[in-house]
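**Q** Below is the structure, and that's it, no one-letter string:
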């Protein structure tokens, strides 16, 4: 394995035989923690638990072959599973052959989209989702998980309808809850929470599942209405393409795009949070290819869409994993259970798996972030509220679309608010700083110094044009350009026209601190350097004022 990195498998870079022990420990721990969650997530998606085993196998093997991170973990994910399960449930029955074929096709399309995104180096797309929108999105997903798992927790039949109606129906059924199911489900959640608090590396999820199963058998609770998984049929491991047709591809394309977008966001965040080598930084685009390959393999073996897992990745890091050999160890254990372990999990109570997902839902709600945003920025807290409401009230894929649109619109709004600000000299220095009523500065007669606090583009060029047009009384106008990282065609055209009008009115226009290399190239390409004049471009505002202010 020491030569695997040279064969194009960077997930084994630097591996040595002495790393076998840490990798085996990481793999055993990962299996103990992730396998119960994979089972629970498969049920969240309307599938049998053994599909979760296949998902873990595909995630571990696919990413090890095509990814870059030596410790990133990929598998079934409770963030994206409610999205595709809720969308597909509107057209096909959950768990049926047609549904399984469509989720496999969805995994194939998501995998191809992720692979293409990585090949085109589109990892930056993850930055389009702001923290408030992401926070509202995750809180809404948590409500969907709660609505889908509450029937198993309560021991009642699952009500039909959209999420708000389900929650209202479940509230009316509260008195009919089976206390044993409630004890098993909430007890499982409590044990996992306690285990995480005491020792995060301890497989508290597995321990809680074992405890719930033992209690069910010891007290004979199946005779009192506690539902268990029952005998599993097992799976056959074979490669096959999911059903393909133009109509299916057309129906699934939009949903695949939504799932792929969320996966890009989470994969990028996980890769950046757990960097193998800080000196070289994260390899987001190659890891997107790795997650894409894992999804394609999932489609071929009959699983469902996968995502990077921050908690499981943290487990690998904390247990000292050195390469993806640990993930392959977990995959081998999961595959063994999928093929031969049906009898081992037949008596696992469904309420216990619901308790696992209740813990997941609690973990993804970022209460501290909500409070911090509410304290620091009320308008952005409104983004959390709107995104949360859209995810809960609308069909889930539409709610995700609303969240993505809100994030992009918020970014555009922020840029369009950029204004031209006036600068003054700090007394006793040569530093020019934005004008402030709290710290009055110095001015030079006949000289105006202004700056734009954002890149110049079609989004804010008209506002800049209007602000510059009101400065025709100055003899010298110095544009402080430090914040102009880039300028597009529209921005360059409008800025050039404004400069020409000012010069025609007798105003000398100079440029200072154009530090961005991209902006310098854009100014030259669009003719702005020539329009202003090379001799009127300076390294500092003070240099420009001293050179041109007396003329």
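**A** Everything's here; your move. These numbers were taken from a predicted model, which means no experiment stands behind them.

**Q** Toward the C-terminus, what is the element adjacent to the longest helix belonging to the chain?
**A** Scanning the chain for the helix with the most residues, using DSSP state H, yields helix 246-273. Next helix or strand after helix 246-273 toward the C-terminus (DSSP states H and E): helix 284-300.

**Q** So which elements touch the following helix or strand past that next one?
**A** Next along the chain after helix 284-300, taking DSSP H and E as the criterion, comes strand 307-308. Packed against strand 307-308 by the contact rule (3 or more Cβ pairs under 8 Å, 6 or more residues apart in numbering; DSSP states H and E) you find strand 74-75, helix 246-273, helix 284-300. To be clear about C-beta, it is placed using only N, CA and C from the backbone, and glycine gets the same treatment.

**Q** weakest of these in terms of mean pLDDT?
**A** Ranked by mean pLDDT, the helices and strands packed on strand 307-308 bottom out at helix 246-273, with a mean of 89.

**Q** Okay, angle between that one and helix 284-300 too, please.
**A** On the basis of axes from the mean of the first three to the mean of the last three Cα atoms, to 10 degrees, helix 246-273 is oriented at 140 degrees to helix 284-300.

**Q** How far away from the center of its chain is helix 246-273?
**A** Once both centres are worked out by Cα atoms, centre = their mean, to the nearest Å, helix 246-273 turns out to sit 10 Å from its chain's centre.

**Q** Give me the buried positions along it.
**A** Of the residues in helix 246-273, 248, 252, 255-271 count as buried by neighbour count, 16 or more other Cβ atoms under 10 Å.

**Q** by contact count, what packs against it?
**A** Using 3+ Cβ pairs under 8 Å, 6+ apart, helix 246-273 sits against helix 81-88, helix 97-119, helix 284-300, strand 307-308, helix 310-318, helix 396-416.

**Q** who does the third one touch, helix- and strand-wise?
**A** Counting contacts by 3+ Cβ pairs under 8 Å, 6+ apart, the secondary-structure elements packed against helix 284-300 are helix 49-66, strand 74-75, helix 97-119, helix 246-273, strand 307-308.

**Q** Compare the ones you listed and give me the one nearest residue 175.
**A** Residue 175 sits nearest to helix 49-66 of all the helices and strands packed on helix 284-300, at 30.1 Å, using Cβ to Cβ.

**Q** tell me the average confidence for the closest one?
**A** 92.

**Q** Also stretch 81-99?
**A** pLDDT averaged over stretch 81-99 gives 87.

**Q** So what touches it?
**A** Residues external to stretch 81-99 that are found in contact with it (Cβ atoms under 8 Å, 6 or more residues apart in numbering): 41, 44-48, 102-103, 106, 141, 144-145, 148, 251, 255, 258-259, 262, 304-305, 395-397, 400.

**Q** give me that answer again for 7 Å
**A** 41, 44-47, 102-103, 106, 141, 144-145, 148, 255, 258-259, 262, 305, 395-397, 400 (Cβ atoms under 7 Å, 6 or more residues apart in numbering).

**Q** Same check on stretch 467-486?
**A** Contacts for stretch 467-486 (Cβ under 7 Å, 6+ apart): 420, 423, 432, 446-456, 498, 501-502, 505, 507-516, 518-519, 522, 541, 544-545, 548-549.

**Q** Span of it from start to end?
**A** Across stretch 467-486, the terminal residues are separated by 19 Å (Cα to Cα, to the nearest Å).
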